[in-house]
Structure formats: structure tokens, C-alpha cells
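K.L.:
got a sequence here, can you model it:
(chains A and B)
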Amino acid sequence: MKYIDEFRNKDLVQGIIRRLGDLAAPALIMEVCGTHTMAAARFGLKSLLPAPVQLVSGPGCPVCVTDQYDLDKFLALGEQPHTVLASFGDMLRVPGSHTSLEKQRAQGADVRFVYAPLDAVDWARREPDKQVVFFGVGFETTMPTTALAVKTAAAAVLDNFTLFCVHKTMPGALGALLAGGEVKVSGLLLPGHVTTIIGSQAYEFIPREFGVSCAVTGFEPLDMLLGVEAILRQLRGGRPRVDNVYRRAVQVQANPRARALLDEVFQPSDALWRGLGVIPGSGVKIRGDYAKFDAQARFAPILAQVPPPPPSACRCGEVLRGVLHPQDCPLFDKACNPSQPLGPCMVSSEGACAAAYRYER
Amino acid sequence: MCLAIPMKIIQIDGVQAVAEVDGVSRQVRLDLLPGVGLGDYVLIHAGLAIAKVDAVYAEETLSLLRSLADEVY
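P.N.:
Below is the predicted model of the structure:
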């Protein structure tokens, strides 16, 4: 496949691995994005890196950082009559406190998965007797797709489509993580596809305020190795900055159309992250003009009755902060495994624990 | 979840388009990318084209990688 196969070429991998050997120095590099975590595990990149260079997973798996209470509330709506729970398939098996979308579907709830969020708007249009609630999980990459769904529902004057918005934004979370100081990273591989929407300039504060080197990075093995190389070069030069090694897709500026679409439908809000708590300004909520499409507002009386999640032994929060490696979790491959996952990092296709279980055991 | 696949645009009708990869075609939306034309490669995420793949920069990156692979040690 064009623009994929070339960036997996083994001969070219050998060349850059030699270069990394020349630059090698002790470095803890966080791959922020869940798609990076899975690519690194799948292609065995950790074993290719020179020994002093370590990769650690960060908070960039949207399924994983979705708070348990938010998930429990969405799942509770499945018990309402004539209600369709619509979601990306990534959420299927993620355990809530008492159930999951998969279990609810087995028990007869109307649970459906989309290719695009606009599919859920089509279902609402064709089935006016149903309430279709879409679970809006995801970072900036995904937010324009749900914004488009809300706008389309508004244009069609639908009163049976709502968005349960748990979107989160990347720069604020990275700032909070670095300010927390729990994990001492020397560099960040930044999420290339989020950055197609927000532009690489959105991260300029990271080298400036935290002295951490950054590389906006694509998702093929050669892209990721180039990201590591850029960070090692910055460390050697002692001048942290934001390099962009994914120039075929990412620009310095935000995509103006995406920015306008997001600003029209959403406004910044605080957001609750699994493992990180509430981070000011790190999420969005539906703006006033589109408030009637806000599921948390429409179903507020029902959601208010959902009890807070009971305590759990799950330590996904520490994994998401980069302070606990999956294999060091006492539950890993014992009480928690892909067929009986206790936490989202083990079940998400991009979770650090799922990647470690599948490729690094 | 931030996966996006490079696909080739093979049909355009306003903001609606059809994109193709490996013989599989999909309906996609071009709302974010005015000026995309037939034959262009775009990154598709959940039915939406989020970026045009820049052929010049792609080749520049590959040239850099080839020069690293050709270095004599």
C-alpha cells in the first residue's frame, strides 16, 4: 500500500538503527499515542533501539483514559427503552463497573457500532421512534467526525440524536503530566494524527516550559525511528524543541476548517481522565447553539442516579501516567488478561497492557 | 483509535467522495480539505479525510532514510 509499505522497508530500518547507535545516550522517551504503543509493540521497535534508550507508553489511548464513571453513565442509558447505544467498536469489551457494551448487547440492548459517527445520525433519521446516543470518545483526530455528526443532526432537525461527549484534548493532558513530575521523560513522540488537526505549534510550550524534547511522529516503523532519532539529536545538542518528522501529513498551523468546525460545535471544558483526574481545559463540551444534542444534559435525571464506581484493584491509572510498566502490575497475566480484562489498558486494541500481553510476554 | 489510513481519492461529489486502498473503497467526507483532487492520497479517519499526504515531503523523508541506509560504516 502506497505510503505504508515504503515506511516499513527493512533495509531502510537497518540504516536508521545504525544512526541511532551513534546517537545513543540514556533517554526515556514516551510514546504518547496509543496507536504508537501498538505499532512499537507490533514491529518490535523496543528490541531494535540501543539499550540506553527506553520507550514508555503515555496517556494517548482514548479508550483507556475514558473515566470509569463516564463509561458507567453511558452504559446506564442502555437500560432505557427505545434507546440505541452507538459507539466506535473500540469500546465493545471495555469493562464498566457492572457491565460492558458487549454484555449489554448479549442481554438484548440495542448496541451498534459505527464506521463513522455520521452512521449514527443516519440511524436516528431512519428510526424516529428510537433515541440514538453516540459515545464521543477520542482526541482531536476524532473530534471533527463527531462535530460533523452533530451539525448534520442539527441541519436535519433531529430530536432523537445526542452525543455523550467525553472527548479529550492532548496538549493540556501532556502539560499536566509533565507538571506532575512523576515520570521523568527526556522526550515525547507526539501523536501525528492529532497534530494534523491542531498543528505542531500547539506543543511549543513543552520544550519552553518543561525542557522536554518533542518530535511529531507518524505511525510506520521508519516514522517512529525517525522520531526517536530527532529526540536523540535534540538531547545531544542540548536544545529541546518541537521537530516534525511527519511532514508528509502534518503542518505547523492547525487545519483551519477543522478549527472552525470544532469551535462552532464545542467549547473548552474541564475533563476527567482515568489515572490523571480532572485536568482544567483538557476536554470539550457541546456549545450552547447545539446544546439540545448534549446527551449528558438531555438525560441528566437518569445519569444523576448512577452511583460512583466502586473501588477497583485495577492499576491502569499508573500505566497511563507512565509510572507502572504493564508487566510490573501484579494483576498482569494473572487476574487480568485479554479474555478477562479488569481494566481498559488490557482490552483496548491500543492499550499498553494489551500490547505487552500480545507482543512482549 | 487515532489510526488513519492513506487512501486514494477516486470520485468526488462536493464534500462526498470515494477513496480506495488495496481494492477496497469507502465513502469519505472532504469537509476539512478543500482543494483535494482525484488521484490525491488522503489520510482517512472514521470516514473523514483529515490530511492530504504530501508526495514531495514523503519523498524527501524517504531520500533521507535511503541516504542513512547507504552510509558506509
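
K.L.:
for the rest of this, base every contact and every neighbour count on C-alpha atoms.
P.N.:
Noted.

K.L.:
tell me who's in contact with A:A120.
P.N.:
Under the criterion of C-alpha atoms under 8 Å, 6 or more residues apart in numbering or on different chains, the neighbours of A:A120 are A:86, A:114, A:132-134, A:149, A:161.

K.L.:
off-centre distance for the helix or strand containing it?
P.N.:
Per DSSP states H and E, A:A120 falls inside helix A:117-126. The chain centroid and the centroid of helix A:117-126 are separated by 24 Å, computed with C-alpha atoms, centre = their mean, to the nearest Å.

K.L.:
tilt between the next helix or strand after that helix and helix A:117-126?
P.N.:
Note on helix A:117-126: by DSSP H and E, the next helix or strand toward the C-terminus is strand A:131-136. Here strand A:131-136 runs at 170 degrees with respect to helix A:117-126, directions being taken by axes from the mean of the first three to the mean of the last three C-alpha atoms, to 10 degrees.

K.L.:
packing partners of strand A:131-136?
P.N.:
If you count contacts as 3 or more C-alpha pairs under 8 Å, 6 or more residues apart in numbering or on different chains; DSSP states H and E, strand A:131-136 packs onto strand A:83-88, helix A:117-126, strand A:161-165.

K.L.:
dump those to JSON lines, plus mean pLDDT.
P.N.:
Below are the helices and strands packed on strand A:131-136 laid out as JSON lines (pLDDT from 0 to 100):
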{"stretch": "strand A:83-88", "mean pLDDT": "98"}
{"stretch": "helix A:117-126", "mean pLDDT": "98"}
{"stretch": "strand A:161-165", "mean pLDDT": "98"}
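
K.L.:
looking at those, which is nearest to B:D70?
P.N.:
When these are ranked by proximity to B:D70, the top entry is strand A:83-88, at 43.5 Å, counting by C-alpha to C-alpha.

K.L.:
ok, which stretches of the chain are strands?
P.N.:
Picking chain A for this. For chain A, the strands identified by DSSP state E occupy A:27-33, A:53-60, A:83-88, A:110-114, A:131-136, A:161-165, A:187-191, A:213-217, A:242-244, A:266-273, A:277-286, in order along the chain.

K.L.:
ah, no, chain B please
P.N.:
Taking DSSP E as the criterion, chain B carries its strands at B:5-13, B:16-21, B:24-29, B:41-45, B:48-52.

K.L.:
neighbours of whatever residue of chain B ends up closest to chain A, how many?
P.N.:
Shortest chain B-to-chain A distance, computed as C-alpha to the nearest C-alpha: residue-wise this is B:A69, at 3.6 Å. Each residue near B:A69 was counted by other C-alpha atoms under 10 Å in any protein chain shown, and the total is 19.

K.L.:
which residues does the spatially closest residue to it that is not a sequence neighbour contact?
P.N.:
The spatially closest residue to B:A69, leaving aside those adjacent along the chain, is A:G15, at 3.6 Å (C-alpha to C-alpha, 6 or more residues apart in numbering or on different chains). Contacts for A:G15 (C-alpha under 8 Å, 6+ apart) come out as B:65-66, B:68-71.

K.L.:
kindly report the same for A:I17.
P.N.:
When contacts are counted by C-alpha under 8 Å, 6+ apart, A:I17 touches A:48-49, A:225.

K.L.:
re earlier: buried ones in the helix holding A:A120, by neighbour count?
P.N.:
Along helix A:117-126, these residues count as buried under the neighbour rule (16 or more other C-alpha atoms under 10 Å in any protein chain shown): A:117-121, A:123-125.

K.L.:
now that helix and strand A:161-165, what's the angle there?
P.N.:
Direction vectors for helix A:117-126 and strand A:161-165, defined by the same axes, to 10 degrees, enclose an angle of 150 degrees.

K.L.:
give me the domain ranges for chain A.
P.N.:
Segmentation of chain A into domains, based on automatic domain parsing, reads A:2-59+A:180-187+A:197-244, A:64-169+A:254-303, A:316-355.

K.L.:
any idea of the mean pLDDT for the first one?
P.N.:
Across domain A:2-59+A:180-187+A:197-244, the average pLDDT comes to 96.

K.L.:
how far does it sit from its chain's centre?
P.N.:
18 Å.

K.L.:
what about it, start to end distance?
P.N.:
By C-alpha to C-alpha, to the nearest Å, the extent of domain A:2-59+A:180-187+A:197-244 from end to end equals 21 Å.

K.L.:
got it, and the last one?
P.N.:
Between the opening and closing residues of domain A:316-355 lies a distance of 13 Å (C-alpha to C-alpha).

K.L.:
and if you look at stretch A:310-330?
P.N.:
This stretch, stretch A:310-330, spans 20 Å end to end (C-alpha to C-alpha).

K.L.:
which parts of stretch A:30-37 are buried?
P.N.:
In stretch A:30-37, the ones that count as buried by 16+ other C-alpha under 10 Å are A:30-37.

K.L.:
could you do stretch A:284-300 as well?
P.N.:
When burial is assessed from 16+ other C-alpha under 10 Å, stretch A:284-300 yields the following buried residues: A:284-287, A:290-296.

K.L.:
identify the farthest-apart pair in those.
P.N.:
Within the buried residues of stretch A:284-300, two members stand farthest from each other by C-alpha to C-alpha: A:V284 and A:K292, at 15.6 Å.

K.L.:
one step back: turn the strands of chain A into TSV, including distance to A:I198.
P.N.:
Shown next, in TSV, are these (distance: least, C-alpha to C-alpha, whole Å):
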stretch	distance to A:I198
strand A:27-33	15
strand A:53-60	15
strand A:83-88	22
strand A:110-114	24
strand A:131-136	18
strand A:161-165	19
strand A:187-191	11
strand A:213-217	12
strand A:242-244	13
strand A:266-273	14
strand A:277-286	14
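
K.L.:
cool, thanks, talk later.
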